[in-house]
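Starting from these lines, generate the structure:
(chains A and B)
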Amino acid sequence: MSSGVEITRPEGAIPLAQKYSGLSEEEVKKRIIAYNPPADSRFPNQNQTKNCFQNYVDFQRCVRLRGEDYKPCQFFERNYKFLCPTGWIEKWDEQLENNTFPVKL
Amino acid sequence: MMSWCQLGFQDAGSYFMEEFIYFHDFTMMIILGVLSYVVVFLVLGLVSGWVDSGFVEGQLIEFMWTIFPALILIQIAFPSLLLLYLIEDFSKSFLVCKVVGHQWYWSYEIKTESSEILASVDCYMLPREGAFGMRLLLTDEFLMLPINVPVRILVTSDDVIHSWTLPSLGIKGDAVPGRLNQLNVTLSRKAMYYGQCSEICGANHSFMPVMLMGVTSPQFFMWLDRL
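As a prediction, the model looks like this:
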């Protein structure tokens, strides 16, 4: 693996090639090209900054209101993890820890 | 990629780019027709020596040379607006890829299956010695995307403004710090696609190319697994 590539996987995850070996291309496509944050009519245009940030804020508010184990909160978590660059997420997590996050949750 | 003395577009690598090329050819036909018409009458007017001193108005001809160009413009506007709205249809994407511009390299983040895998790739330009004659185009790592799959690309930057572009796919998006610009592309064939940074971003602006490979879906996921 080149030093320019980083892959993070949860523990125990089966490599995708093994998980989907023996399947045709169509079946692979059907099964794993799975998630795309759904189109949000509040953010119909090219600028998706608010879409990413809003999902992050909504997730934080959701877990504070309902707890970490509340499953519907995972919708917002999944959305922001797919939309937001890793650097932004790390920065906001750090701001939350330091109590300097710009939004009142 | 472009070849020496090439004047036209590169071969289209996406369905949108094919449509852009058709639209370009259609509009160019109209432009050349109008240009020829104008040049002929201009030259005739200059060399003929004909003068009509009594010609002060002509209602019919003025009507015709207003209406006719308007009709031509309407004919150009229809496919233009159709394409404009077609490329902005983001509802059908299957894969999300984040592109982050840095000084002076691109990095790509791909997440699959509910955050199961996050792949992050940094792509630095290969120096002249390692570029196999394709200087300023090759990178040490490159992005792979599956073909025939609508991909949603979100472009941003870590420092200054860059621009991520792939001319053969017909896409270009400014990488602006603090902003996420969305592009939509569906690759139509397995090939290597090249592009270069398109917004001045410092000393090495010319040395941060974009390299993308279109592969089948199983190959794409094998790449993610690095097998």
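
all strands of the chain, in order?
All of this refers to chain A. Secondary structure of chain A by DSSP state E: the strands cover A:5-8.

um, chain B though
Going by DSSP E, chain B shows strands at B:95-102, B:105-112, B:117-123, B:143-146, B:150-157, B:162-166, B:171-175, B:181-186, B:192-196, B:209-215.

tell me the mean pLDDT over the second one?
Taken as a whole, strand B:105-112 has a mean pLDDT of 86.

The lengthiest helix in chain A versus strand B:95-102: what angle between them?
Longest among the helix segments of chain A by residue count, using DSSP state H, is helix A:49-66. Here helix A:49-66 runs at an angle of 110 degrees relative to strand B:95-102 (axes from the mean of the first three to the mean of the last three C-alpha atoms, to 10 degrees).

Point out where the chain drops to low pLDDT.
Looking at chain A here, since you left the chain open. A:1-34 (pLDDT under 70).

sorry, should have said chain B
Applying pLDDT under 70 to chain B picks out residues B:91, B:112-119, B:129-131, B:133, B:225-227.

if we go to 80?
B:50-55, B:89-94, B:111-122, B:126-133, B:221-227 (pLDDT under 80).

domains of it?
B:15-47+B:57-88, B:95-225 (the TED database).

Reformat the ones you listed as JSON lines; add distance to chain A and mean neighbour count.
C-beta: built from backbone N, CA, C; applies to glycine. As requested, the domains of chain B are exported to JSON lines (distance: least, C-beta to the nearest C-beta, whole Å; neighbours: other C-beta atoms under 10 Å in any protein chain shown):
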{"stretch": "domain B:15-47+B:57-88", "distance to chain A": "7", "mean neighbour count": "12"}
{"stretch": "domain B:95-225", "distance to chain A": "4", "mean neighbour count": "19"}
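
Let me know which of the strands of chain B is the nearest to residue B:68.
strand B:171-175 (34.3 Å; C-beta to C-beta).

who does the closest one pair up with?
In the sheet, strand B:171-175 lines up against strand B:162-166 (antiparallel) (DSSP bridges).

hmm, back to that, what packs against the longest helix of chain A?
Contact here means 3 or more C-beta pairs under 8 Å, 6 or more residues apart in numbering or on different chains; DSSP states H and E; on that basis helix A:49-66 packs against helix A:73-83, helix A:86-97.

what about stretch B:90-107, start to end distance?
This stretch, stretch B:90-107, spans 22 Å end to end (C-alpha to C-alpha, to the nearest Å).

May I ask you to name the longest helix in chain B?
helix B:15-47.

gap between it and the chain center?
With C-alpha atoms, centre = their mean, to the nearest Å as the basis, helix B:15-47 stands 22 Å off its chain's centre.

If I take it and strand B:162-166, what angle do their directions form?
90 degrees.

Which strands and helices lie in contact with helix B:15-47?
On a contact count with 3+ C-beta pairs under 8 Å, 6+ apart, helix B:15-47 meets helix B:59-86, strand B:181-186.

so which of the ones you listed gets nearest residue B:23?
When the helices and strands packed on helix B:15-47 are compared by C-beta to C-beta, helix B:59-86 sits nearest residue B:23, at 5.2 Å.

Hmm, residue B:121 and residue B:211 touching each other?
No. At 10.5 Å, residue B:211 does not count as touching residue B:121 under the criterion of C-beta atoms under 8 Å.

Please enumerate the shared neighbours of the two.
Residues touching both residue B:211 and residue B:121 (C-beta atoms under 8 Å, 6 or more residues apart in numbering or on different chains) are B:142-143.

Just name the most buried of the helices and strands packed on helix A:49-66.
Of all the helices and strands packed on helix A:49-66, helix A:73-83 carries the top mean neighbour count, a mean of 20, counting by mean count of other C-beta atoms under 10 Å in any protein chain shown.

and the angle for that helix with strand B:95-102?
Using the same axes, to 10 degrees: helix A:73-83 against strand B:95-102 is 50 degrees.

what comes up buried for the longest helix of chain A?
A:49, A:51-60, A:62-63 (16 or more other C-beta atoms under 10 Å in any protein chain shown).

Of the domains of chain B, which is nearest residue A:37?
Once the domains of chain B are compared by C-beta to C-beta, domain B:95-225 is nearest, at 7.1 Å.
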